[in-house]
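1. From the sequence below, what's the structure:
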Amino acid sequence: PAGTYAAPSQGKAAALSASAWAGAAAPFTQAVTVQGVTAASNIIVAPAPASLEAYGAAQVRCTEQAANSLTFTCEKVPETNLTVNILIVG
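-> The predicted model follows:
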């Protein structure tokens with residue numbers, strides 16, 4: 001029936017700057033703007049291929065979401081900027 005279909009998925013990318021991590025000790029955090037994300041969005045987060053090794057070594061993960069915002073947490077501040085791919089699912 002009309003109106004019962006999920007919205008199309010949206011692919012986004014976010015940059016995590018090596019100099020923007022907050023905190024004096026682990027865990028460190030960084031919030032980034034991702035237009036279209038809501039607190040209730042179903043999302044899939046993965047590092048871009050070029051960022052995979054540094055992302056894993058720093059134990060980066062997405063830990064919080066809000067309207068147009070994602071917060072990432074890591075155990076070790078990465079030495080390089082990272083790119084993260086986000087899929088907002090329907």
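2. ok, so what distance separates Ala39 from Pro27?
-> 21 Å (C-beta to C-beta, to the nearest Å). All C-beta atoms are positioned from the backbone trio N, CA, C, and that covers glycine.
3. And Ala57, by the same measure?
-> Taken as C-beta to C-beta, the span from Ala57 to Pro27 is 15 Å.
4. for Ala15, same thing?
-> Ala15 is 20 Å from Pro27, by C-beta to C-beta.
5. now swap in Val34 and tell me
-> In terms of C-beta to C-beta, Val34 sits 20 Å off from Pro27.
6. which of those two has more neighbours?
-> Neighbour tally, Val34 and Pro27, criterion other C-beta atoms under 10 Å: the higher count belongs to Val34, 23 against 14.
7. show me what contacts that one?
-> Contact partners of Val34, counting by C-beta atoms under 8 Å, 6 or more residues apart in numbering, are Lys12, Ala14, Asn68, Ser69, Leu70, Ile86.
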